[in-house]
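Engineer: Kindly generate the corresponding structure for this input.
(chains A, B and C)
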Amino acid sequence: MAEEVKASWSKGEEIVRMLLEKAPYAEGTVRRERRLEFKVPADRIVDFLRTAKANGFELLLQITAVDWLKEGEIELVYQLFSISHGTHAMVKTRLPRDEARISTVMDIYPVAETYERDAHEFFKVTFEGNPKLEMPWILEDEDREVGVSHRKDFDMLGYVKRKYKLLDRFDEDKENYVI
Amino acid sequence: MKMESVKIAPEEKVRKKPSFLKPWMSLKYLFKKPVTIKIPYEETQIAEKYRGFHTLNWKTCIGCNMCGQICPARAIEMTWIEGEKRPHPKIDYGRCTFCQFCVDVCPTNALGHVEHYILTTEWKDEELELFDWVPLPEEMVRKFSDYRHPLAKIEKYEDGRVKYVLRDGSEFEFKILGYGLKPPAAAKPKPAAKSAEKKEEPNPGEKKE
Amino acid sequence: MVTQEELIREARENGMELLPLEKDTYELFFGPQHMATENYSLILKMDGHRVVKAIANPGFLHRGFEKLAEYRPWHTNIALLLRICVPEPDVPEAIYSMAVDELMGWEVPERAQWIRTTVLEMARVSAYLFWMMGLSFKLGVYTAGQWAAAYRERFMALFEELTGARVYHIYTIPGGVRRDIPGDKWLRQLRDTVEYIKDKLKDFDNLVFENYITYRRLEGIGVMDKKFALNEGVTGPNLRATGVPYDVRRADPYLLYPELDFEVPVLKEGDALARALVRRFEFEQDLYILEQLLDMGPPSGPYKVDHPSLKALPRFRVPAGDAFAHVEATKGDFGAYVVSDGGNKPYRVQIRGPSIAHGIRVIEQLLVGARLADVPVILMSLDNCPPDIDR
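Structural biologist: Numbering: from 1, shown residues only, chains lettered A, B, ... in the order given. Alright, predicted model coming up:
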């Protein structure tokens, strides 16, 4: 909705400018009304989120991990919401796939502990400083041992086939069916 | 819309006053009729266009497998039938979620649905088999108005012949040659079937592993 | 007399682990079979009937929806993702569709917007009825719970008429909705139902929300303050009960909400009672919103975007990009983040259920010091929905 005001939301540009003054290492754009986007290098994410929280971004809604197999990177998207400005903001950062390590942000947004456990379980991202990372989360022990993850290179079809032995009948045109 | 326009309800409107006496007012419900429907002694009215069992117009089905591709539960398997040029979908109600996206995508409107929804068995194998069928034309299903599955029995023979016995005793017989998108060896290879194969291939978004 | 060491040794020989307990405390496994937790488990360390420490243990409902969604065509995912939220399945449908609409650059037709808004509000009302049922059962007011279940049935019948299914509607799709409104008769029925529920709300008030016992039971338990709530990502009525007027329908308006007039309730206490009252007031507001929508009437026009790609759904492709959409569900801020790489299947879908914030850290901290009998009530006052956590 609100297509006509795309990229010309003056209030959003003001917020971006204000934040970038305090955090010159980041890049920021206005996507559309009430949608901002920031790109931050991985080692400055704690600084940036601290600045953001001090400037009105009170809520951390989610930390989404996206596995970009071709680039060999894992993208973390911190979904922030600012009640005082009335805007959503995505803070994106990229990590190398092989060694996905980033500092935890749970001292800024304590709820990040939960989101980081989730991202650790399914995308094998290590958040340094999060004490509950190794605690059992959603997956069962046997699944965790065989390495079930939501990363793109995990052989989900093969795993389902091994575990549930249900897919034999449909094998010939596997590509055209879903799991 | 701006944030300033939030209309905040005054607190006294939200707050309530606790009372000792008011809960006793509900005693009046002792003298009211229950809202419960006593199934099976009373009947419920099912909405028109309730998403229930499928129907298939065998004449207009072109076997394009659109339904098989959109099915979220992988309940649809294409079945080659003797005498039919193109495969027809076979629907397994053990998997079907009744989303009816297959009905939406059907390019010739051959696949449809009726309101019939009662899917209960006594856990006998021959009963369970009823719910894995090639749907029949609408007029054969609509004959029965008690929302039950129209089939009473499926008889299977060695040579692949299948006989559907409907609940009113009428019979429907055909021969299954094989399953899948490719025509089985028993069916004569048709050029039309080849072109269907071609259509499926270009799927760049699928290479996930 | 068997000593503790012997027991521990014997357990280890049998492949189990027994931990020595601290003096005066014991461990209690609360759930997943317990009715109040709805398939999620709490490990409570108890001292007498007081909770000393609580550890949330989710994962019993994990079905890997986010991964499965990467293997299915765009539209098919609707039939999958709505299973994340059982009481209001229209919310995951709507957020996913809104995110895909944004990626496609589609402006949904007005009629579709009206229908979507109505469906979302109906979902809110029926979810609140569901919650009232849960709360009443946990308070021991079984009568009110059964009323709520019976009234919810009326909305299920309306949904059945509109969408063709009772619980999982699979109705909102990218580009609009799947079916048109069945006719004026349905609109009349909806208005009658709203009137009827409004009338019955007085009985609810008498029995639950103005009941002295409810007040004694809910007041002062599970208290959280504003700062704590914001830090912990609490949203929805739970946040409004601590004094923050954050409602997605106002803060980030979508569909027809900018044109609708409704009040946002705010209370300051942040205890279970405040949360219950905020929900009760919002329920009333939702009925007003439905009335306003009916007064407005559905605009004429198509109920779906007219686009050739909607003709062949398995080959529906979405341009590369990412979008975030969220709506105000009864539990809080429900959001979807959708990434496309241009293919006929999503590259990544993330659903943000409000309970992932409420059900883990908030519960663990609110339960400390609570009585065992209050645990179900605190869980219900937060309206914790475990499928949001497990997905």
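
Engineer: Can you show me the CA trace of the helix or strand where B:Q69 lies as PDB?
Structural biologist: For B:Q69, the enclosing helix or strand under DSSP states H and E is helix B:66-70. What follows is helix B:66-70, C-alpha atoms only, in PDB (Å, rounded to 0.1, in the frame of the first residue of the first chain):
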ATOM      1  CA  MET B  66      -1.400 -28.400 -12.400                       C
ATOM      2  CA  CYS B  67      -3.300 -29.800  -9.500                       C
ATOM      3  CA  GLY B  68      -0.500 -32.100  -8.700                       C
ATOM      4  CA  GLN B  69       2.000 -29.300  -8.600                       C
ATOM      5  CA  ILE B  70      -0.100 -26.900  -6.500                       C
END
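
Engineer: what about that helix and chain C, touching?
Structural biologist: Yes: under the criterion of Cβ under 8 Å from any Cβ of the partner chain, chain C is reached by helix B:66-70 at B:66, B:69-70. Heads up, the C-betas are built off the backbone N, CA and C, glycines and all.

Engineer: for chain B, where's the lowest mean pLDDT among helices and strands?
Structural biologist: When each helix and strand of chain B is scored by mean pLDDT, DSSP states H and E, helix B:191-200 comes last, with a mean of 44.

Engineer: Kindly list the longest strand within chain B.
Structural biologist: In terms of residue count, the longest strand belonging to chain B (DSSP state E) is strand B:171-179.

Engineer: Check which helices and strands it is in contact with.
Structural biologist: Contacts defined by 3 or more Cβ pairs under 8 Å, 6 or more residues apart in numbering or on different chains; DSSP states H and E place strand B:171-179 against strand B:76-81, strand B:161-166.

Engineer: can you tell me which of the ones you listed comes nearest to chain C?
Structural biologist: Across these, the minimum distance to chain C, taken as Cβ to the nearest Cβ, is reached by strand B:76-81, at 11.9 Å.

Engineer: what about that closest one, near chain A?
Structural biologist: Yes: using Cβ under 8 Å from any Cβ, we find that strand B:76-81 touches chain A at B:E77.

Engineer: quick one: strands adjacent to that strand?
Structural biologist: With DSSP bridges as the test, strand B:76-81 is paired with strand B:88-92 (antiparallel), strand B:171-179 (antiparallel).

Engineer: Which strands and helices lie in contact with the helix holding B:Q69?
Structural biologist: Here helix B:66-70 touches strand B:76-81, helix B:101-105, going by 3+ Cβ pairs under 8 Å, 6+ apart.

Engineer: Make JSON lines out of these and add distance to C:M122.
Structural biologist: Formatted as JSON lines, the helices and strands packed on helix B:66-70 follow (distance: least, Cβ to Cβ, whole Å):
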{"stretch": "strand B:76-81", "distance to C:M122": "31"}
{"stretch": "helix B:101-105", "distance to C:M122": "22"}
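
Engineer: Model confidence score at residue 54, please.
Structural biologist: By default, I'm working from chain A. pLDDT for A:A54: 87.

Engineer: Chain C is the one I meant
Structural biologist: With respect to pLDDT, C:A54 has a value of 87.

Engineer: now swap in the one 10 residues further on and tell me
Structural biologist: Among the per-residue scores, C:G64 shows a pLDDT of 83.

Engineer: wait, A:P110 sits on C:E232?
Structural biologist: Yes: between A:P110 and C:E232 there is a contact at 6.0 Å, judged by Cβ atoms under 8 Å.

Engineer: Of these two, which one has the most company?
Structural biologist: Set side by side, A:P110 and C:E232 show more neighbours around C:E232, with 25 against 17, by other Cβ atoms under 10 Å in any protein chain shown.

Engineer: Let me see the domain layout of chain A.
Structural biologist: Following automatic domain parsing, one gets these domains for chain A: A:3-138, A:139-179.

Engineer: which stretch among these comes nearest chain C?
Structural biologist: Closest approach to chain C among those is made by domain A:3-138 (3.6 Å; Cβ to the nearest Cβ).

Engineer: Near chain C, which residues of chain A are found?
Structural biologist: Contacts of chain A with chain C, taken as Cβ under 8 Å from any Cβ, map to A:1, A:3, A:34-35, A:58-62, A:64, A:66-67, A:77, A:79, A:81, A:83, A:86-88, A:90, A:109-111, A:113-115, A:118, A:122, A:136-140, A:150, A:156, A:178-179.

Engineer: Out of those, name the ones that lie in strands.
Structural biologist: Here DSSP E is the test, and the residues of chain A next to chain C give A:35, A:59-62, A:64, A:66-67, A:77, A:79, A:81, A:87-88, A:90 as lying in strands.

Engineer: hmm, which two among these are most spread apart?
Structural biologist: Across these, the longest distance by Cβ to Cβ is 27.5 Å; it joins A:D67 and A:T87.

Engineer: Ignoring the adjacent residues along the chain, who's closest to B:T44?
Structural biologist: Leaving aside its chain neighbours, B:T44 sits nearest to B:I37 (6.0 Å; criterion: Cβ to Cβ, 6 or more residues apart in numbering or on different chains).

Engineer: and the gap between the one you found and chain A?
Structural biologist: Distance, B:I37 to chain A, using Cβ to the nearest Cβ, to the nearest Å: 37 Å.
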